[in-house]
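Q: here is my input; please provide its structure:
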Amino acid sequence: MILSKFKKGDKVQTSYSENIGVVIEKQYFDYLDMYVYLVTIKNHNYIKRENELLEVTNG
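A: Numbering: from 1, shown residues only. Now for the predicted structure:
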């Protein structure tokens, strides 16, 4: 199993948007060999793969 880049409560943004969201939940999928995250951005929930998210370092 690979290590998770993000944890619950981390601030993230998608690679194609400047909107900042928060990780609500994460789950590892063996058949995908990756973590998938439930992220809230502007009161909407999205399911994102780890490679779609960027770490927010300021704010």
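
Q: and the residue nearest to G21 when sequence neighbours are not counted, how many neighbours does it have?
A: Leaving aside its chain neighbours, G21 sits nearest to I41 (3.5 Å; criterion: C-beta to C-beta, 6 or more residues apart in numbering). Where you see a C-beta, it was placed from the backbone N, CA and C, and this is true even at glycine. Residues lying near I41 (other C-beta atoms under 10 Å) number 16.

Q: quick one: pLDDT of I41?
A: Here the pLDDT value assigned to I41 is 92.

Q: what do you get for M1?
A: Confidence at M1, expressed as pLDDT, is 57.

Q: now F29
A: 91.

Q: with T57 instead?
A: On the pLDDT scale, T57 is placed at 76.

Q: ditto for V12
A: With respect to pLDDT, V12 has a value of 95.

Q: residue contacts, it?
A: V12 is in contact with F6, I20, G21, V22, V23, Y37, V39, L53, L54, E55, V56, counting by C-beta atoms under 8 Å, 6 or more residues apart in numbering.

Q: take those and lay them out in a markdown table including distance to Y31, secondary structure and neighbour count.
A: What follows is those, written out as a markdown table (distance: C-beta to C-beta, whole Å; DSSP: H, G, I helix; E, B strand; the rest coil; neighbours: other C-beta atoms under 10 Å):
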| residue | distance to Y31 | secondary structure | neighbour count |
| --- | --- | --- | --- |
| F6 | 20 | coil | 18 |
| I20 | 30 | strand | 15 |
| G21 | 25 | strand | 23 |
| V22 | 27 | strand | 14 |
| V23 | 22 | strand | 20 |
| Y37 | 17 | strand | 24 |
| V39 | 21 | strand | 24 |
| L53 | 20 | strand | 21 |
| L54 | 25 | strand | 16 |
| E55 | 26 | strand | 10 |
| V56 | 29 | coil | 13 |
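
Q: next up, the contacts around the residue most central in space within the chain.
A: In the chain, the centroid-proximal residue (C-alpha atoms, centre = their mean) is Y37; its distance is 4.6 Å. In this structure, Y37 makes contact with F6, V12, V23, I24, E25, K26, Q27, I47, K48, R49, E50, L53, judged by C-beta under 8 Å, 6+ apart.

Q: just L38 next, same as before
A: By C-beta under 8 Å, 6+ apart, L38 lies in contact with V23, I24, E25, K26, N45, Y46, I47.
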